[in-house]
Structure formats: C-alpha cells, structure tokens
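Chemist: can you look at this prediction? I've put the sequence above it.
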Amino acid sequence: MKKIQLSWVLVVILSVVVAIFAYKFTAGAVAPSDEGRQAVLISKDERNALLLEMRTWLESAQGVLAAANSGDMAKVATIARVSGMAAEEETPGSLFAKIPIAMKTLGFATRGRFDDMAVMAEEGKSGQEISAYLADTMNNCIACHAMYTFVDEATVK
C-alpha cells in the first residue's frame with residue numbers, strides 16, 4: 001500500500017514541476033509597460049539578437065518584394081529562405097524561456113511564411129501572388145510590434 005501512495009506522491013510532484021516549466025515556457029518574462037504593450041524582459045545581448053532578426057526580416061521582405069516585382073523568382077526563393085525556419089538556429093536558446101507564447105507563435109509563423117514564399121516562387125507563382133502573400137505576412141510584424149516592447153531585464157527592479 002505504501003508503494004502505491006509513494007507513486008502518487010511522485011506523480012503529483014512531477015506534475016507540479018512540469019506545470020511550472022510549462023507556465024514559464026508559455027508566459028515568458030513579461031511585465032506591463034507604461035505605454036500599454038507587454039514589456040519582454042531580456043538581456044542586452046538577447047535584445048540585440050532580436051533586433052538583428054527583425055532587421056533581417058525587413059530586408060528579406062524588401063528583397064522579396066523587389067525580386068517579385070521584377071519577376072526574378074529564383075531570387076525571391078533565395079532571399080525568402082534567409083528568413084525561413086532554418087534561420088531559427090541562430091536565435092539564442094535563452095530567449096525561448098523569456099518570450100511569451102503568443103510572440104513565439106507569431107515568430108514561427110512568420111518564418112514559416114517566408115519558407116512558403118520560397119516554395120511559391122519555386123512553383124512558379126506570380127510576383128503579384130507572392131507580393132500579396134508578403135503583404136499578409138507583414139500583419140504578423142504589425143501585430144507583434146503592437147503587443148510587445150523589449151526592456152533590458154537589468155533595469156527592472
């Protein structure tokens with residue numbers, strides 16, 4: 001009988017530990033900001049990495065648009081892949097615990113959509129179709145910037 005009780009105690013303890021880790025993964029390190037957005041609390045280096053990622057997405061968006069408008073689908077595919085899921089390897093692992101799940105969802109969806117644009121170009125979709133898809137993809141950027149700001153965690157007391 002004691003073995004059964006001990007098993008249940010272990011199950012409860014492990015469940016609590018898993019729930020804590022799941023909460024940390026989904027909630028992220030956030031606080032309210034004085035401007036109405038959620039402040040994501042990250043280190044200076046993590047902030048720099050995220051800003052570089054966003055600049056890369058912006059450069060890729062401009063490059064895809066220019067190449068799509070000129071009809072250079074091979075260039076569309078090459079440029080779009082720069083911001084696709086493969087680039088996620090360059091994101092510091094420490095960020096995953098700090099970024100809230102909604103922001104992660106938007107980021108992964110955006111990367112996936114850049115991969116989609118590459119496939120669309122390889123499949124011979126028109127520049128107009130790719131440009132429209134990019135325009136829709138940019139709504140992810142707008143949503144994320146509307147919801148989040150980055151704050152150096154060292155400055156928060």
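Modeler: Great, that's in hand.
Chemist: got the contact list for stretch 149-157?
Modeler: 29, 31, 33, 35, 37-44, 47, 50-51, 98 (C-beta atoms under 8 Å, 6 or more residues apart in numbering). C-betas here are computed from N, CA, C, even on glycine.
Chemist: mind exporting the C-alpha coordinates of that stretch to CSV?
Modeler: Extracted in CSV, the C-alpha atoms of stretch 149-157 (Å, rounded to 0.1, in the frame of the first residue of the first chain):
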residue,chain,number,x,y,z
THR,A,149,8.4,46.1,-26.5
PHE,A,150,11.8,44.9,-25.2
VAL,A,151,13.2,46.1,-21.9
ASP,A,152,16.6,45.4,-20.5
GLU,A,153,16.0,43.0,-17.6
ALA,A,154,18.9,44.6,-15.7
THR,A,155,16.9,47.9,-15.5
VAL,A,156,13.8,46.3,-14.0
LYS,A,157,13.6,46.3,-10.2
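Chemist: and it, what's buried?
Modeler: If you call a residue buried by 16 or more other C-beta atoms under 10 Å, then stretch 149-157 has these buried ones: Phe150, Val151, Glu153.
Chemist: return the members of the contacts of stretch 149-157 classed as buried.
Modeler: Applying 16+ other C-beta under 10 Å to the contacts of stretch 149-157 flags Ala29, Arg37, Gln38, Ala39, Val40, Leu41, Ile42, Arg47, Leu50, Lys98 as buried.
Chemist: quick one: the residues you listed as CSV, columns for distance to Ala66 too.
Modeler: As requested, these are arranged in CSV below (distance: C-beta to C-beta, whole Å):
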residue, distance to Ala66
Ala29, 37
Arg37, 31
Gln38, 33
Ala39, 35
Val40, 31
Leu41, 37
Ile42, 32
Arg47, 29
Leu50, 25
Lys98, 34
